[in-house]
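Participant: Structure for this input, please:
(one chain, ligands or ions: 2)
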Amino acid sequence: DDVASQIAAGEVVERPASVVKELLENSLDAGARSINIRIEGAGQRLIEVSDDGDGISQGELTLAVARHATSKLRTAEDLFHITTLGFRGEALASIASVSRFSITTRRTGAEVGSHIRVEGGAARPVEGAGGPEGTEVRVEDLFFNVPARLKFLKHDSTERGQIDGLVTRYALAYPQVRFQLWQDNRATLKTSGNGDRREILAQLYGIEIARQLLEVNSDEDGRHMNGFISPVALTRSNRRDITFFINGRWVQSVPLTTALVQAYHTLLMVGRFPLAVVFLNLPPEEVDVNVHPAKAEVRFREPERIFSLVQRGTRRALLAYSP
Ligand code: ADP
Ligand code: MG
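Facilitator: Ligands and ions are numbered 1, 2, ... in the order given. Here you go, the predicted structure:
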């Protein structure tokens, strides 16, 4: 079973940033208003995510780190109406099988908290613990027992950059949540949680660019697009400066990016990329996020409708712009 969970882990946990993503999504699913992330050694030595969300009860803690245990899907039917970020119940088990892992948690209103430690997949008994309401997950020595994985990690600066990019995107998607990211005891991102996305964009891209960004807002039969795009294609940007969120989940979709870029190219110079942060809210049953646990891909029931929503929304924002 060790081998089975390490293989499953390979699917979910490619690199430190994928661990951060899973832990962040769990905190958001738990209704956190404030999330702290501490990274040491580019995530290899330590990834710690603490939140002020619902917490996990003592009785459910062992289950939370077991494979295919999720508290988020009750029926098969739920699979077509996913409203939480997680639903597979394999992230924590996978991460715990390739690290020295622990959770300290206290359920809202509970008198005491609890703690569990898992080392290379082997769970110790749950113990009582102090600590605030909410959950703290610590992942130490990632891939210590999978040397082959360690070899595939990129330079520390690349891994750190991936984590920065990821947390920043989630901070943008959830502006009403306070995010703090510390890399080797240096704060690399702090958001206020006051709901102001432009403030976060300013931290990210600088005040000058943030001020220029155009707001997109577009509605078509219950499908909604909003966000920010640059009025011009920027010389220094590339495909990665185009970010899409669907129903609060960061997705990477070449067709979506292409749809947006095409809308620019019918109006502007070809060959360059805009800066864009786009949030799509779609009826859950029109989106299949069940494609791959970590690759952040997505499938649509009616792709053409979504692409044209993106193109019309983009074009409208650009045409309304007068410098
Ligand atoms: P999934 O998110 O797909 O349900 P995970 O393996 O990521 O699966 O998490 C397993 C379970 O542990 C979740 O369903 C949830 O009940 C609990 N859990 C994990 N992280 C947190 C957290 N930060 N706060 C509260 N509960 C959590
Ligand atoms: Mg999860």
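Participant: Would you map the helices across the chain?
Facilitator: Using DSSP state H, the helices of the chain run over 2-12, 16-29, 58-64, 91-97, 147-152, 156-173, 197-205, 207-212, 254-265, 303-319.
Participant: Pull out the buried residues from stretch 94-114.
Facilitator: 94-107, 113-114 (16 or more other Cβ atoms under 10 Å). To be clear about C-beta, it is placed using only N, CA and C from the backbone, and glycine gets the same treatment.
Participant: Looking at those, which one is closest to Val287?
Facilitator: Nearest to Val287 among the buried residues of stretch 94-114, counting by Cβ to Cβ, is Ser94 at 23.6 Å.
Participant: and the residue nearest to Ala64 when sequence neighbours are not counted, what does it touch?
Facilitator: Nearest in space to Ala64, with sequence neighbours left out and distances taken as Cβ to Cβ, 6 or more residues apart in numbering, is Ile56 at 5.4 Å. Shown in contact with Ile56 (Cβ atoms under 8 Å, 6 or more residues apart in numbering): Ala64, Ile103, Thr105, Arg107, Ser114, Thr135.
Participant: What is the burial count for the last one?
Facilitator: Meaning Thr135. Residues lying near Thr135 (other Cβ atoms under 10 Å) number 27.
Participant: With adjacent residues omitted, what lies nearest to it?
Facilitator: Thr105 (4.2 Å).
Participant: my read: the one you found touches Gly130, true?
Facilitator: No: the pair Thr105 / Gly130 is not scored as a contact, 11.4 Å apart, by Cβ atoms under 8 Å.
Participant: ok, back up a step: would you mind finding the most buried of the helices of the chain?
Facilitator: helix 91-97 (a mean of 26; mean count of other Cβ atoms under 10 Å).
Participant: How far does it sit from its chain's centre?
Facilitator: 17 Å (Cα atoms, centre = their mean, to the nearest Å).
Participant: Distance of the residue nearest to Thr135 relative to Ser57?
Facilitator: 8 Å (Cβ to Cβ, to the nearest Å).
Participant: low-scoring stretches of this protein, by residue?
Facilitator: Low-confidence segments of the chain (pLDDT under 70): 1-11, 69, 72-84, 86-88, 233-237, 268-271, 289-296, 323.
Participant: Could you chop it up by domain?
Facilitator: 2-190, 213-319 (automatic domain parsing).
Participant: Nearest to Arg198, out of those domains?
Facilitator: Among the domains of the chain, domain 213-319 sits nearest to Arg198 (Cβ to Cβ), with 7.4 Å.
Participant: hmm, the closest one in reach of ligand 1?
Facilitator: No: against ligand 1, domain 213-319 shows no contacts by Cβ under 6 Å from any ligand atom, the least distance being 9.0 Å.
Participant: can you tell if that domain touches ligand 2?
Facilitator: No: judged by Cβ under 5 Å from the ion, domain 213-319 makes no contact with ligand 2; its nearest approach is 9.6 Å.
Participant: can you tell me the distance between the two ends of that domain?
Facilitator: End-to-end distance for domain 213-319: 14 Å, by Cα to Cα, to the nearest Å.
Participant: quick one on the thing from earlier: can I get the contacts of Ile56 in JSON lines including distance to ligand 2?
Facilitator: Putting the contacts of Ile56 into JSON lines (distance: Cβ to the ion, whole Å) gives the following:
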{"residue": "Ala64", "distance to ligand 2": "10"}
{"residue": "Ile103", "distance to ligand 2": "13"}
{"residue": "Thr105", "distance to ligand 2": "14"}
{"residue": "Arg107", "distance to ligand 2": "17"}
{"residue": "Ser114", "distance to ligand 2": "19"}
{"residue": "Thr135", "distance to ligand 2": "12"}
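Participant: follow-up on the earlier one: for the residue nearest to Thr135, give me its contacts.
Facilitator: Counting by Cβ under 8 Å, 6+ apart, Thr105 touches Gly55, Ile56, Leu61, Gly113, Ser114, His115, Gly131, Gly134, Thr135, Glu136.
Participant: Val65 now?
Facilitator: Neighbouring residues of Val65 by Cβ under 8 Å, 6+ apart: Leu92, Ala93, Ala96, Phe101, Ile103, Ile116, Val118, Ala123.
Participant: Bridged to the fifth one, which residues?
Facilitator: Residues found in beta-bridge contact with Ile103 (criterion: DSSP bridges) are Ile116, Val137.
Participant: hang on, isn't it packed against Val139?
Facilitator: No: applying Cβ under 8 Å as the test, Ile103 and Val139 come out as separate, 10.0 Å apart.
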